[in-house]
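Novice: The sequence and its predicted three-dimensional model are supplied below.
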Amino acid sequence: MTTTSGSTDRTGVLPRTALHASLSAPLLDTMTFLNEVTLRHPQAISFAPGRPFEGDFDVARVPGLIETYLDHLRERGHSEEHVRTALYQYGETAGQIRDLVARMLAVDEDMTVDPASVVVTVGCQEAVLLTLRALFTGPDDVLLVDSPSYVGVTGAASLLGIPVVAVPGTPRGPSPEGIERAVREIEASGRRARCLYVVPDCSNPTGVSMRREARTALLDAADRLGLLLLEDNPYGVFSTVRRPTLKSLDTRRRVIYLGSFAKTAFPGARVGFVVADQLVEGADGRAPGLLADELAKVKSMVTVNTSSLSQAAVAGLLLQNGGGLRAANESLARHYQATMRCLRESLAAQLPVGAPESAGVRWNDPDGGFFLTLDVPFAADGAALDDSAENYGVIWTPMRHFHLDDAGDRQIRLSCSYLTTDQATEGAARLARFIKDRARAVAYAPW
Ligand SMILES: Cc1ncc(COP(=O)(O)O)c(C=O)c1O
């Protein structure tokens, strides 16, 4: 029995209602569900994890990365004592490698960024959390997301109690008309749309990339509607087509740019960053400051600073590669593209266009090598996934998990970044067998 105050009785069991409501939201169970399916079927080929390929991981290189960064500090005239402090001591809240992050953005993305507007974070995930915390003042501030959307963002919004409205995506990203409709509906309900979260390059979960014209149209719409844009770009360097980031096209400080080293360096470092060059009114008549300074205040109460060791490793990687990571990732990008090609070719061979067994099956043609959207003629739900894993040895992610409403129930997200080319080919063949059998079973199911 529980007490009315929500505390535990003598059994020591906390009632669910004593915890934040977001912890009971199905969204936060998504990862647990996928992990459980994967653990139950360790032999299955899994198109579920959006993890980077591990083939190039090399533990022997890590000490050298840190040494490179420490040498860089020495070359810049810092004393041995300073170098030691930089590695051992609590560090600057906004990060100690902000200048190197700004240089990377110049080298890789042609972006001119003031290091003062950068905050180095514990993965992109912390950047999302800090930004949402700073921008959302209460229940009347609404976050728009390009839908289906990355669960890291909708999950963080849910933890913070921020209302989220989905803007239905198109094969070219969110449409200005869809955004305007959502903003007007939010305004009509007496609330305000604060910003739109979007992944313009090789989106997670769909794999869709926005064309250049769509990017300019999005910036114009944001300006017209008074919206900020949260641009998240972990996959841009892996795209076959290089397009300008929203931030590099942004002349009106509409875009807050989120970055991650999880795919371009390694996720275990947990280093990401945010570029927030928006001006914020100064307190007590003082001169305006940067939004980045406000984000650093939030960070000082969340993680204090990003691990100095991790920042040193990432900095070493940047320094060893001429300041950027695009060139350093070229061979990995080619690997991802080859894996994606194998997946698509294997699907096309098993499910040829026009064949009766291919009816209702379609997939898109992503520029990057991480995610692909597959349409199927049946409900792609947990029961279907169990059947696929158990009887066909292949795991995937129901697209439904990335929607806030009931949409996407006949779509699958396939991720091939973690696989070899052979696994992608074989996995797609198994998947095609599963799809054909399931489609047949559904077609002949008794009423
Ligand atoms: C859209 C998106 N943003 C960011 C990240 C990376 O986040 P982090 O740097 O916290 O690992 C991912 C990784 O899965 C992602 O898919």
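Specialist: Yep, it's here. Numbers count the residues shown, from 1 in each chain.
Novice: Nearest to the ligand within this protein, name that residue for me.
Specialist: Residue nearest to the ligand within the chain (Cβ to the nearest ligand atom): residue 123, separated by 2.7 Å. (Each C-beta comes from the backbone N, C-alpha and C, glycine too.)
Novice: count of residues packed around that residue?
Specialist: Residue 123 has 22 neighbours, counted by other Cβ atoms under 10 Å.
Novice: ok, residue 205 touching residue 374?
Specialist: No: checked against Cβ atoms under 8 Å, the pair residue 205 and residue 374 is beyond contact range at 11.1 Å.
Novice: Quickly list what's touching both of these two.
Specialist: Shared contacts of residue 205 and residue 374 (Cβ atoms under 8 Å, 6 or more residues apart in numbering): residue 413.
Novice: of these two, who's got more company?
Specialist: Each of residue 205 and residue 374 has its neighbours counted (other Cβ under 10 Å); residue 205 has more, 26 against 23.
Novice: for that one, what are its contacts?
Specialist: 148, 149, 150, 371, 373, 397, 399, 402, 413.
Novice: Please apply the same query to residue 327.
Specialist: Residues in contact with residue 327 (Cβ under 8 Å, 6+ apart) are residue 321.
Novice: Could you check how far it is from residue 133?
Specialist: Taking Cβ to Cβ, to the nearest Å as the measure, residue 327 falls 35 Å from residue 133.
Novice: Same check on residue 236?
Specialist: For residue 236 relative to residue 133 (Cβ to Cβ), the value is 25 Å.
Novice: Mind telling me what element residue 258 is part of?
Specialist: Per DSSP states H and E: residue 258 is located in strand 255-260.
Novice: Skip ahead from the host helix or strand of residue 62 and say which helix or strand is next.
Specialist: Element membership of residue 62 [criterion: DSSP H and E] is helix 62-75. Counting by DSSP H and E, the element after helix 62-75 in chain order, helix or strand, is helix 80-88.
Novice: follow-up on the earlier one: show the buried residues in the contacts of residue 205.
Specialist: By neighbour count, with 16 or more other Cβ atoms under 10 Å, the contacts of residue 205 hold 148, 149, 150, 371, 373, 397, 399, 402, 413 as buried.
Novice: Those also near the ligand: which ones?
Specialist: residue 150 (Cβ under 6 Å from any ligand atom).
Novice: List just the nearest of the buried ones among the contacts of residue 205 to residue 157.
Specialist: Among those, residue 149 lies closest to residue 157 (Cβ to Cβ), at 9.8 Å.
Novice: was I right about the closest one contacting residue 166?
Specialist: Yes: judged on Cβ under 8 Å, residue 149 makes contact with residue 166 at a distance of 6.9 Å.
Novice: what sits in contact with each of those two?
Specialist: 403, 404.
Novice: What are the buried residues along stretch 399-419?
Specialist: So stretch 399-419, judged by 16+ other Cβ under 10 Å, has buried residues 399-403, 407-408, 410-419.
Novice: Mind pulling the model confidence for residue 353?
Specialist: Residue 353 carries a pLDDT score of 90 in this model.
Novice: How many residues are close by it?
Specialist: 8.
Novice: Please apply the same query to residue 238.
Specialist: Neighbour tally, residue 238, other Cβ under 10 Å: 27.
Novice: repeat for residue 108
Specialist: Using other Cβ under 10 Å, residue 108 has 22 other residues around it.
Novice: still on that earlier bit, quick one: distance of the helix holding residue 62 to the chain centre.
Specialist: In terms of Cα atoms, centre = their mean, to the nearest Å, the centre of helix 62-75 is set 29 Å apart from its chain centre.
Novice: Only alpha carbons, please: show it as CSV.
Specialist: What follows is helix 62-75, C-alpha atoms only, in CSV (Å, rounded to 0.1, in the frame of the first residue of the first chain):
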residue,chain,number,x,y,z
VAL,A,62,43.8,7.1,-27.9
PRO,A,63,46.8,8.1,-25.8
GLY,A,64,48.4,9.7,-28.8
LEU,A,65,45.3,11.8,-29.4
ILE,A,66,45.6,13.2,-25.9
GLU,A,67,49.4,13.7,-26.2
THR,A,68,48.8,15.7,-29.5
TYR,A,69,46.5,18.1,-27.7
LEU,A,70,48.9,18.6,-24.7
ASP,A,71,51.7,19.3,-27.2
HIS,A,72,49.5,21.8,-28.9
LEU,A,73,49.0,23.6,-25.6
ARG,A,74,52.8,23.5,-25.0
GLU,A,75,53.5,24.9,-28.5
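Novice: Now do that helix against helix 80-88: the angle between them, please.
Specialist: With axes from the mean of the first three to the mean of the last three Cα atoms, to 10 degrees applied, the angle from helix 62-75 to helix 80-88 works out at 140 degrees.
Novice: Any buried residues in helix 62-75, and which?
Specialist: For helix 62-75, by 16+ other Cβ under 10 Å, it's 62, 65, 66, 68, 69, 70, 72, 73.
Novice: now swap in stretch 209-229 and tell me
Specialist: Buried residues in stretch 209-229, counting neighbours by 16+ other Cβ under 10 Å, are found at 209-210, 214-215, 217-219, 221-222, 225, 227-229.
Novice: Rebuild these as JSON lines, extending it with distance to the ligand.
Specialist: Listed next are the buried residues of stretch 209-229 as JSON lines, based on distance: Cβ to the nearest ligand atom, whole Å:
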{"residue": "209", "distance to the ligand": "13"}
{"residue": "210", "distance to the ligand": "14"}
{"residue": "214", "distance to the ligand": "18"}
{"residue": "215", "distance to the ligand": "17"}
{"residue": "217", "distance to the ligand": "21"}
{"residue": "218", "distance to the ligand": "17"}
{"residue": "219", "distance to the ligand": "20"}
{"residue": "221", "distance to the ligand": "21"}
{"residue": "222", "distance to the ligand": "19"}
{"residue": "225", "distance to the ligand": "23"}
{"residue": "227", "distance to the ligand": "19"}
{"residue": "228", "distance to the ligand": "17"}
{"residue": "229", "distance to the ligand": "14"}
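Novice: and the two most separated of the residues you listed?
Specialist: 209 and 225, at 22.9 Å, using Cβ to Cβ across the buried residues of stretch 209-229.
Novice: host element of residue 167?
Specialist: Going by DSSP H and E, residue 167 is in strand 164-170.
Novice: Are that strand and the ligand in contact anywhere?
Specialist: No: contact of strand 164-170 with the ligand (Cβ under 6 Å from any ligand atom) is absent, the minimum separation being 13.4 Å.
Novice: mind checking how far that strand is from the chain centre?
Specialist: 16 Å.
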